[in-house]
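Visitor: Requesting a structural model of the entry that follows:
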Amino acid sequence: MNCAICSGYLREKNTCPGCRGMDESNSGYCRKCIIKHCKVLKEKGMKYCSITCEKYPCKRLRDLDKRYKTRYGMSMIENLEFIEKNGIRKFLKHEKQRWIQDNKIFCVHTKKYFEYHE
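Guide: Numbers count the residues shown, from 1 in each chain. So this is what the prediction gives:
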């Protein structure tokens, strides 16, 4: 998930710092996220799901992907495959082109634009 387009990350109160900004003491949805705290990711020192995992895509990821495709018009698995093929820097550049318009960023959850601050 690109945290920058998430309602938790974009809201003004109780802002989520994103998966990379969280530690065990932070509260929020990600604290209990099965994918963020995946044992395979931790054991292999991986930052995100990848085809190098023998369980990829696991049931949890497939379910999440299906929900996000249906509700929000985006795919977690397609994002991961883009990263695998092109790298994280190109993914972030692609995401900026996709979701940012006139210094506003689109929130997939609320379907509204928010002020964008880099």
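Visitor: can you pull the buried residues of the helix or strand containing residue 96?
Guide: Assessed by DSSP states H and E, residue 96 sits inside helix 88-99. By neighbour count on 16 or more other C-beta atoms under 10 Å, the buried set for helix 88-99 is 91, 95, 99. Quick note: C-beta positions are derived from backbone N, CA and C, even for glycine.
Visitor: Likewise for stretch 109-118?
Guide: 113-114, 116.
Visitor: which ones are touching the nearest residue to residue 2 once chain neighbours are set aside?
Guide: Nearest residue to residue 2, sequence neighbours excluded (C-beta to C-beta, 6 or more residues apart in numbering): residue 95, at 4.9 Å. Residues near residue 95 by C-beta atoms under 8 Å, 6 or more residues apart in numbering: 2, 4-5.
Visitor: In CSV: the residues you listed, plus secondary structure, neighbour count and distance to residue 72.
Guide: Shown next, in CSV, are the contacts of residue 95 (DSSP: H, G, I helix; E, B strand; the rest coil; neighbours: other C-beta atoms under 10 Å; distance: C-beta to C-beta, whole Å):
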residue, secondary structure, neighbour count, distance to residue 72
2, coil, 19, 11
4, helix, 19, 14
5, helix, 20, 9
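Visitor: roughly how far apart are the most far-flung residue of the chain relative to its centre and residue 16?
Guide: Within the chain, residue 102 marks the point farthest from the mean C-alpha position, 22.4 Å out by C-alpha atoms, centre = their mean. In this view, residue 102 and residue 16 are 24 Å apart by C-beta to C-beta, to the nearest Å.
Visitor: cool, and residue 38?
Guide: As judged by C-beta to C-beta, residue 38 and residue 16 stand 19 Å apart.
Visitor: how many neighbours does residue 70 have?
Guide: Neighbours of residue 70 under the rule other C-beta atoms under 10 Å: 8.
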